[in-house]
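Engineer: Provided below are the primary sequence and the corresponding predicted coordinates.
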Amino acid sequence: MTLVGLDDTDSRERGMCTTYVATRIAAAVAAAGGRVTERRLVRLNPAVEWKTRGNAALCLETDLARDRALDLAAAEIEALAAVEDPRTSPGLVVAAGPANAVPDPVADFARRALRERIDPADARDLIGELGYRHRGWDGGRGVVGALAAVGAGRAFADWTYEHIVYRELDRCGTPRQVDRESVFDAARAAYPDVWDTVDRIEDEPVCVPSAPGPILYGIRGDDAETVRAVAADIESEPVEREATFLTNQGTDAHLRPGRVGAVADGRAYRVEGVVDDGPETRTGGHVHLTIRDGDDRLPCVAFEPTKRFRDRVRELRPGDRVTVCGEVGRGTLKLEKFALREPVTIERVVPTCPDCERSMESAGRDQGYRCRDCGTAASDRVTRALDRQLDRGWYEVPPCARRHVAKPLIRGGFDAPVHPER
């Protein structure tokens, strides 16, 4: 067997898509008499600044000989990669052997590529040590993702599926013709086995991208046959080709355990803490709060594009014990999901006059409170039960704002009750 890894063939502005290049390589393999036994779509570190939106690398497992596979893959990359964009820097790595037999250093490299920034020189050093074949174009930064894709089969245990349908290339850059009603009907029928196809509250078919590439729509879920069936039920413009990928999407594989006071920019974490500064909505509609652990504090933010998720964040109160998840940038954690572990159930408030039922006023420093009309007094604030609108458990951003690698709550496996968005 031979593993063909590739990355960074697309462009934010000019389109193309590395998954499409991979499908063209698979077609070339078939035309050469070979067979592709697995197509793996691997999402890498979402915090890398030079990524395109999804930061996807691809790996094909084939029965072609290594050098033949290298030549076929290189030819397709040269024909299709958007190298006219100075940010595009394709890389290709070809290794002998099946995915479950890659060496430990390659599997470790794949885990790092999802959670750290890696210098391409480190990838080339490892490639040289192992005797892998590789090619690079316009700097070849994509060798990082290509090598990570080769190692991903051993690196990760949780896998999902995406069935991607591609439009005819001469239609790229024009509005996609996809029937909304058929998308929503298909999504409704297959939920929860298929997820993040639509956002019902925002009335948005999130499976249909807006970028100028060749993807017409992509259906994600936990079962290969089901995602293919949903895709087949969607009515659209002519389809050029389609493919099903095994993927680490929807798995939270990017998250690592972290501690307040011990996180670094460019990485994503799961962090425990207590709400310190309560939620505050600032310019642009972003909601900010701070969590603490001892003397350490960590700013967190729910950005405006997370829509109704911000309402859940606004319901948090100082003293709530929480788990927060997200990428850290400029010292601030960008919230993807959170769990309310131990909610505050009481608050201390200014006492109410028992006679007139109005709030008392301060009687002066360290002198308690009094009602100026009735003459009643109280020595201190009093406690009252909080009417909380937020239950214990996990909350998430809606499908329209979810990162590819983030795990939807509906997939299960969480350590508290879940409140899924759909």
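Structural biologist: Now that the structure is in, tell me what you want to look at.
Engineer: helix, strand or coil for the residue lying farthest from the centre of the chain?
Structural biologist: No residue in the chain sits farther from the centre than residue 375, which is 59.3 Å out by C-alpha atoms, centre = their mean. Secondary structure assignment for residue 375 (DSSP: H, G, I helix; E, B strand; the rest coil): coil.
Engineer: show me what contacts it?
Structural biologist: The contact partners of residue 375, by C-beta atoms under 8 Å, 6 or more residues apart in numbering, come to none. For glycine as for every other residue, the C-beta is placed from the backbone atoms N, C-alpha and C.
Engineer: can we see that at 10 Å?
Structural biologist: Applying C-beta atoms under 10 Å, 6 or more residues apart in numbering to residue 375 gives the contacts 353, 355.
Engineer: residue 405 now?
Structural biologist: 42-46, 54-56, 114, 247-255, 268, 336.
Engineer: residue 349: neighbour count?
Structural biologist: Neighbourhood size, residue 349 [other C-beta atoms under 10 Å]: 12.
Engineer: also the one 4 residues further on?
Structural biologist: Each residue near residue 353 was counted by other C-beta under 10 Å, and the total is 20.
Engineer: quick one, helices of the stretch 301-422 of the chain?
Structural biologist: 309-314 (DSSP state H, counting those that start in this stretch).
Engineer: shaky segments in it?
Structural biologist: Under the criterion pLDDT under 70, no range of the stretch 301-422 of the chain is flagged.
Engineer: and the strands in it, which stretches?
Structural biologist: 321-329, 332-342, 346-349, 361-362, 369-370, 377-378, 382-385, 393-396, 418-419 (DSSP state E, counting those that start in this stretch).
Engineer: and those strands as JSON lines, adding distance to residue 22?
Structural biologist: Formatted as JSON lines, the strands of the stretch 301-422 of the chain follow (distance: least, C-beta to C-beta, whole Å):
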{"stretch": "strand 321-329", "distance to residue 22": "26"}
{"stretch": "strand 332-342", "distance to residue 22": "27"}
{"stretch": "strand 346-349", "distance to residue 22": "55"}
{"stretch": "strand 361-362", "distance to residue 22": "69"}
{"stretch": "strand 369-370", "distance to residue 22": "70"}
{"stretch": "strand 377-378", "distance to residue 22": "71"}
{"stretch": "strand 382-385", "distance to residue 22": "57"}
{"stretch": "strand 393-396", "distance to residue 22": "29"}
{"stretch": "strand 418-419", "distance to residue 22": "33"}
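Engineer: out of these, which is closest to residue 14?
Structural biologist: Among those, the nearest to residue 14 by C-beta to C-beta is strand 321-329 (26.0 Å).
Engineer: can you name the residues that contact the closest residue to residue 8 other than its chain neighbours?
Structural biologist: Among residues not flanking residue 8 along the chain, residue 142 sits closest, at 3.2 Å (C-beta to C-beta, 6 or more residues apart in numbering). The neighbours of residue 142, taking C-beta under 10 Å, 6+ apart as the test, are 5-9, 18, 57, 77, 81, 88-93, 120, 123, 134-136, 149.
Engineer: can you give me the end-to-end span of stretch 378-396?
Structural biologist: One end of stretch 378-396 sits 43 Å from the other (C-alpha to C-alpha, to the nearest Å).
Engineer: any idea how far it is from the middle of the chain?
Structural biologist: Relative to its chain's centre, stretch 378-396 lies at 32 Å (C-alpha atoms, centre = their mean, to the nearest Å).
Engineer: now it: buried residues?
Structural biologist: Of all the residues in stretch 378-396, those buried under the rule 16 or more other C-beta atoms under 10 Å are 378, 390, 393-396.
Engineer: pick the one among those closest to residue 106.
Structural biologist: Using C-beta to C-beta, residue 396 is the member of the buried residues of stretch 378-396 that lies nearest residue 106, at 32.1 Å.
Engineer: for the closest one, name its beta-bridge partners.
Structural biologist: Beta-bridge pairing for residue 396 (DSSP bridges): residue 337.
Engineer: got a pLDDT number for the residue nearest to residue 8?
Structural biologist: Residue 142 is assigned 92 on the pLDDT scale.
Engineer: so who does residue 332 touch?
Structural biologist: Taking C-beta under 10 Å, 6+ apart, we find residue 332 in contact with 263, 265, 288, 290, 298-301, 326.
Engineer: now swap in residue 277 and tell me
Structural biologist: 288-292, 297, 299-300, 318 are the contacts of residue 277 under C-beta under 10 Å, 6+ apart.
Engineer: how about the nearest residue to residue 229, chain neighbours excluded?
Structural biologist: residue 190 (7.3 Å).
Engineer: now swap in residue 136 and tell me
Structural biologist: residue 91 (5.1 Å).
Engineer: let me see the ranges of the helices in this structure.
Structural biologist: With DSSP state H as the criterion, the chain has helices at 18-31, 66-80, 104-115, 120-130, 143-155, 180-190, 224-232, 309-314.
Engineer: I'm done for today, thanks for sticking with me.
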